[in-house]
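>>> Structure for the following, please:
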Amino acid sequence: MNNKKIFIVDDEIQILTLFKKAFERKGYTVGTAETAEEALENLKAEQFKVMFLDLLLPGMDGLGLCREIRKDEPDALIFAITGHANQFELMDCLNAGFDGYFLKPLDIKVLYKIVEEAFNK
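Residues are numbered from 1 along each chain as shown. Presented below is the predicted three-dimensional model:
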């Protein structure tokens, strides 16, 4: 069983598909959701060590989602991803419980390194 599981939440299906394929090629199991509400439902059934959450989501935003996830998953590594840096400040993300913050467009090589380091901890 593969314990190297990553969860990605983004309302842009192209981003989800890109991440999913890229990480699966590296041997990771990848779960996805397009909304915070869908993510919370999925997380009831399965645990993930590393998560990437878009900040600008329909309904509950990524900050609220991170706060909800932290209640049940205090040890997960959760990273914010956004193309709207002016709308979401780094301090807001850290206060919500994120471990890091990435701006779109993302360099997949940087994300590979972050994920590899997370699973080696």
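
>>> my read: Phe52 touches Ile81, true?
Yes - with contact defined as CB atoms under 8 Å, Phe52 counts as touching Ile81 (5.3 Å). For the C-beta atoms, the positions are set from N, CA and C on the backbone; glycine is no exception.

>>> can you list residues touching both of those two?
10, 102 (CB atoms under 8 Å, 6 or more residues apart in numbering).

>>> out of the two, which sits in the busier spot?
Neighbour count, other CB atoms under 10 Å: between Phe52 and Ile81, Phe52 has more, with 26 against 23.

>>> helix/strand/coil for the more buried one?
Following DSSP: H, G, I helix; E, B strand; the rest coil, the label given to Phe52 is strand.

>>> same deal with Gly31?
Gly31 ends up strand, using three-state DSSP.

>>> Specify the beta-bridge partners of the most centrally placed residue in the chain.
Nearest to the geometric centre of the chain sits Phe52, at 1.2 Å (CA atoms, centre = their mean). Going by DSSP bridges, Phe52 is paired in beta bridges with Ile8, Phe79.

>>> quick one, what contacts it?
Taking CB under 8 Å, 6+ apart as the test, what Phe52 contacts is 6-10, 19, 78-79, 81, 102, 111.

>>> And those, which is closest to Met60?
Val9 (10.3 Å; CB to CB).

>>> which stretches of the chain have low pLDDT?
1-2, 85-88 (pLDDT under 70).

>>> What separation is there between Thr82 and Asp10?
To Asp10, Thr82 is 10 Å away according to CB to CB, to the nearest Å.

>>> between these two, who's got more neighbours?
Asp10 (26 against 20).
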